[in-house]
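Asker: following is a predicted model, sequence given first.
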Amino acid sequence: MAITDISAFAHLTSEDVENLAVELDGLRREIEESRGARDARYIRRTIAAQRALELSGRVLLAASTKRAAWWAGTVTLAVAKIIENMEIGHNVLHGQWDWMNDPEIHSSTWEWDMAGAAKHWRITHNVEHHKYTNILDLDDDVGYGLLRVTRDESWKIRNLFNIPSISCWQPALNGELPCSTWNFARSGRRRHARPPSSDCVSWFGRRPRSSSRTTWLSRRSPQYHPEPPTGPH
């Protein structure tokens, strides 16, 4: 449920907030002091395993005429995609591995294989979603402009298709939702500038028109610019 009646949930006192901040700072220091070569090996091995799975899945799909091999290839490719998006891409773009100063595994340079460009996701997810989690009109993840997921959003006739969208059209939605960065996630409330690249060209078959306004990133969050890696650490 998206949160609009914030006062009903904001029950922590100033002392509670301060104590929570101290605990979180302590947890962060503990984690930062414990990370090292073991963690670096983990992410590099995970990336290698993901790429091996993806290659294996594509080979199974392309090189065999047997249905069993197609199923195996589909499952293998699906697992590779899940690992790439959630365990690798999501965490790398969050800056989880920036401490390594690896030019390849860094939030400022990493790109993933999905419709939404990494540089746009870093804003809509890292900045907006995590800063304004589940707050209607501020968090684009609340329905992505396609689904009505809270009573605080005005009902529209297109919301009749919510249930079939979720149960029957999930594969199509999985492809469309990443594009919500500039097209879908507005719900009549906010219109984003089109990105200056062909991020969704694979879905719409043509290069998006250039925007005469300032770039999407600087307009949405000019203060968010991850530091580029300085070299292996």
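Answerer: Alright, I've got the coordinates.
Asker: tell me where the protein has helices.
Answerer: 14-34, 37-63, 67-82, 90-93, 118-121, 130-131, 162-168, 170-176, 201-204, 216-220 (DSSP state H).
Asker: for the fourth one, which positions count as buried?
Answerer: Within helix 90-93, the residues that count as buried by 16 or more other CB atoms under 10 Å are 91-93. For every residue, glycine as well, the C-beta is placed using N, CA and C.
Asker: tell me the pLDDT of S107.
Answerer: Here, the pLDDT recorded for S107 equals 93.
Asker: ok, the one 4 residues further on next?
Answerer: At E111, the model reports a pLDDT of 92.
Asker: one more: the one 4 residues further on?
Answerer: A115 carries a pLDDT value of 78.
Asker: that one: neighbour count?
Answerer: When neighbours are counted by other CB atoms under 10 Å, A115 registers 18.
Asker: same deal with G36?
Answerer: That count, for G36 with other CB under 10 Å as the rule, works out to 10.
Asker: quick one: mean pLDDT over stretch 19-29.
Answerer: Averaged over stretch 19-29, pLDDT sits at 96.
Asker: in that stretch, what's buried?
Answerer: Under 16+ other CB under 10 Å, stretch 19-29 has no buried positions.
Asker: what's the pLDDT at G73?
Answerer: So, for G73, pLDDT stands at 95.
Asker: got the helices of the chain as CSV, with distance to S108 columns?
Answerer: Output for these, formatted as CSV (distance: least, CB to CB, whole Å):
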stretch, distance to S108
helix 14-34, 19
helix 37-63, 16
helix 67-82, 23
helix 90-93, 9
helix 118-121, 9
helix 130-131, 18
helix 162-168, 35
helix 170-176, 26
helix 201-204, 23
helix 216-220, 12
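Asker: could you tell me the least trusted of the ones you listed?
Answerer: Looking at the helices of the chain, the lowest mean pLDDT belongs to helix 201-204 (a mean of 36).
Asker: returning to that earlier point: please name whichever of the helices of the chain is nearest to E111.
Answerer: Minimum separation from E111 across the helices of the chain (CB to CB) falls at helix 118-121, 5.0 Å.
Asker: thinking again about what came up before, can the buried residues of helix 90-93 go into CSV with extra columns for distance to A118?
Answerer: Putting these into CSV (distance: CB to CB, whole Å) gives the following:
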residue, distance to A118
N91, 12
V92, 9
L93, 6
